[in-house]
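*Asks:* build the 3D model from these lines:
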Amino acid sequence: MPRAVFIGLLGGLVAASLVGGVTALLLVAGGGDEASADPRAARTAAAQPERVRAVASGDMFTTGQDRMPTRILGIDAPDRGECGFAGSRRYLQSLIRDRAVTLLTDGLQPDRDGARRRLRYVTLRPSSESLDVGLWAVALGWARVSLAHDFAGVAVYLEAQAAAQRERRGMWRCG
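*Replies:* Here you go, the predicted structure:
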């Protein structure tokens, strides 16, 4: 496991610089300033973590025996045939496939998208802190922020995207 060095607190997230130059953004229990500004924005967790069975793309996966399709809330990863698709999908597979994740709703977002997939924040607990999988994908450049609907963490996600673009990470190295 990489050694982390704390570098700051931003909107309810801990930013930690990992050895190797990657910055991790960890969700801090209790939420950030955005969550307190609008009561609809509160993140609500599912009762039990769910095991990820398959990863279809950098922002979509299935869980459980019934293969429930879930799309990660607040992000848009490259589609099949677009530059960055393979890297984005590989990233998500390496992080969550065959692992238990916690799915959280956002009062500012619909429960499902037009294709009837659940829209959820996804967190992983590799240690005592929860890792926001969508924010991490944006920070590493494997997804862009989706502005189709407002969501609680949009400001932090946009900051992470700007940094990924500036540093040409992931899909931002394309064309």
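*Asks:* how far away is residue 83 from residue 96?
*Replies:* 23 Å (CB to CB, to the nearest Å). Placement of C-beta: from N, CA and C, glycine included.
*Asks:* more neighbours, the two?
*Replies:* residue 96 (20 against 14; other CB atoms under 10 Å).
*Asks:* what about this structure, any weak spots by pLDDT?
*Replies:* Within the chain, the stretches with pLDDT under 70 are 1-47, 126-128.
*Asks:* and the strands in it?
*Replies:* Listed in chain order, the strands of the chain (DSSP state E) span 4-10, 13-18, 23-27, 43-45, 50-55, 60-63, 68-72, 75-76, 100-106, 118-124, 130-132, 144-145.
*Asks:* residue 125 touches residue 96, doesn't it?
*Replies:* No. Counting by CB atoms under 8 Å, residue 125 does not reach residue 96; the two are 11.5 Å apart.
*Asks:* center of this structure - which residue?
*Replies:* residue 134 (0.9 Å; CA atoms, centre = their mean).
*Asks:* touching, it and residue 157? I think so.
*Replies:* Yes. When contacts are counted by CB under 8 Å, residue 134 is listed as touching residue 157 (7.4 Å).
*Asks:* which residues are common contacts for these two?
*Replies:* Any residue near both residue 134 and residue 157 by CB atoms under 8 Å, 6 or more residues apart in numbering counts here, and that gives 74-75.
*Asks:* any idea how far residue 166 is from residue 123?
*Replies:* 26 Å.
*Asks:* more neighbours: the two, which one.
*Replies:* Shown here are residue 123 and residue 166; by other CB under 10 Å, residue 123 has more neighbours (22 against 9).
*Asks:* beta partners of the closest residue to the more buried one other than its chain neighbours?
*Replies:* Of all residues not flanking residue 123 in the chain, residue 130 sits nearest, at 4.2 Å (CB to CB, 6 or more residues apart in numbering). Using DSSP bridges, the bridge partners assigned to residue 130 are residue 27.
*Asks:* how deep is residue 130 tucked in, by neighbour count?
*Replies:* 20.
*Asks:* in this structure it contacts residue 101, no?
*Replies:* No. Residue 130 is beyond contact range of residue 101, at 9.9 Å (criterion: CB under 8 Å).
*Asks:* how far away is the residue nearest to residue 123 from residue 106?
*Replies:* On the measure of CB to CB, residue 130 and residue 106 end up 15 Å apart.
*Asks:* for residue 114, same thing?
*Replies:* Taking CB to CB, one finds residue 114 at 17 Å from residue 106.
*Asks:* again with residue 74
*Replies:* From residue 74 to residue 106 the distance is 8 Å (CB to CB).
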